[in-house]
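Asks: one predicted model, sequence on top.
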Amino acid sequence: MSDSTKTLLEPLAIKQANGTNVISLKDIPDGATAVIPKPPIEDDDDAVEIEVGTERTEHFVLGPIADRTYEFTIPKNMFLDFAGTNKDVPVRYIYWFSGINDVTSEPINYRVEHLKPPCHE
């Protein structure tokens, strides 16, 4: 099956964006927390990679289903080139079902800022 015919998974969310599409570098001193939706089918050999722009994290091996969480730390340095550019960066994940069958999520765009965004009241 080619990539163009695969069904895309739901997008991830970055916890520190607090429901917005803005990530402040000040809020991710130890990296950003990516939360992915639980997939419909799980296997002990599942793995995840996260992609920021065109750069990917290492494989996160998910391990036994009973102990599994769907939160992953994306290193802060993956966001540095995008900070303050006023350009959106696509972020997505690749889910490796049984460690071999890869399915990509829909991308979600985030803007990376050096400071917290202003409050809108």
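Replies: It's in.
Asks: name the element the nearest residue in space to I100 that is not next to it in sequence belongs to?
Replies: Nearest residue to I100, sequence neighbours excluded (C-beta to C-beta, 6 or more residues apart in numbering): D45, at 7.9 Å. Placement of C-beta: from N, CA and C, glycine included. Assessed by DSSP states H and E, D45 sits outside every helix and strand.
Asks: low-confidence bits of the protein, can you list those?
Replies: For the chain, the stretches flagged by pLDDT under 70 are 1-6, 115-121.
Asks: swap in 50 and give it another go.
Replies: For the chain, the stretches flagged by pLDDT under 50 are 1-5.
Asks: show me where it has strands.
Replies: With DSSP state E as the criterion, the chain has strands at 13-14, 22-24, 32-35, 47-52, 55-56, 60-61, 71-74, 88-97, 101-104, 108-113.
Asks: quickly note the distance from Y70 to F79.
Replies: Per C-beta to C-beta, to the nearest Å, Y70 is found 20 Å from F79.
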